[in-house]
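>>> Quick check, what structure comes out for this input:
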Amino acid sequence: MFIGGVADSTGYGWAIAKACAEAGADIILGTWPPVLPMFTMGLERGQFEEDTKLNDGSAMKISKVCVSLVSYHSLNDCITVLNITTYIFV
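A predicted model of the protein is given here:
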């Protein structure tokens, strides 16, 4: 499951990712390019360790973190972007 707009463990994106992980989904997070180094460093350093804990005591596994730079101004923009967007996985 791809969840975009995740830059830390306090927002809606993280909560959605965690709920999807609870349901058994593989988690791929998208974050804004300027935030990517800070976010991945936080993950590597265990900064979000407590926030990854699921109800069963296991940790949410994040399969990938990728750059996500998308802006929608209308439904047509969204459809156009979905047809031409290339995702870069790191």
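>>> what bits of the chain have low per-residue confidence?
69-90 (pLDDT under 70).
>>> Can you tell me the centre-most residue of this structure?
residue 29 (2.1 Å; CA atoms, centre = their mean).
>>> Bridged to it, which residues?
residue 3, residue 65 (DSSP bridges).
>>> That one: what's it in contact with?
Counting by CB atoms under 8 Å, 6 or more residues apart in numbering, residue 29 makes contact with 2, 3, 4, 6, 13, 17, 62, 64, 65, 66. Bear in mind the C-beta positions are built from the backbone N, C-alpha and C, glycine included.
>>> and the gap between it and residue 36?
Noted for residue 29: a distance of 10 Å to residue 36, by CB to CB, to the nearest Å.
>>> which residues are common contacts for those two?
In contact with both residue 29 and residue 36: residue 65, using CB under 8 Å, 6+ apart.
>>> Show me the strands in this protein, by range?
Remark: strands assigned in the chain by DSSP state E are 2-3, 27-31, 62-67, 88-89.
>>> What helices and strands are in contact with the first one?
Contact analysis of strand 2-3 by 3 or more CB pairs under 8 Å, 6 or more residues apart in numbering; DSSP states H and E lists helix 12-22, strand 27-31 as its packing neighbours.
>>> Look up how far residue 62 lies from residue 20.
11 Å.
>>> which residues are in contact with both of those two?
Common neighbours of residue 20 and residue 62, counting by CB under 8 Å, 6+ apart, are residue 27.
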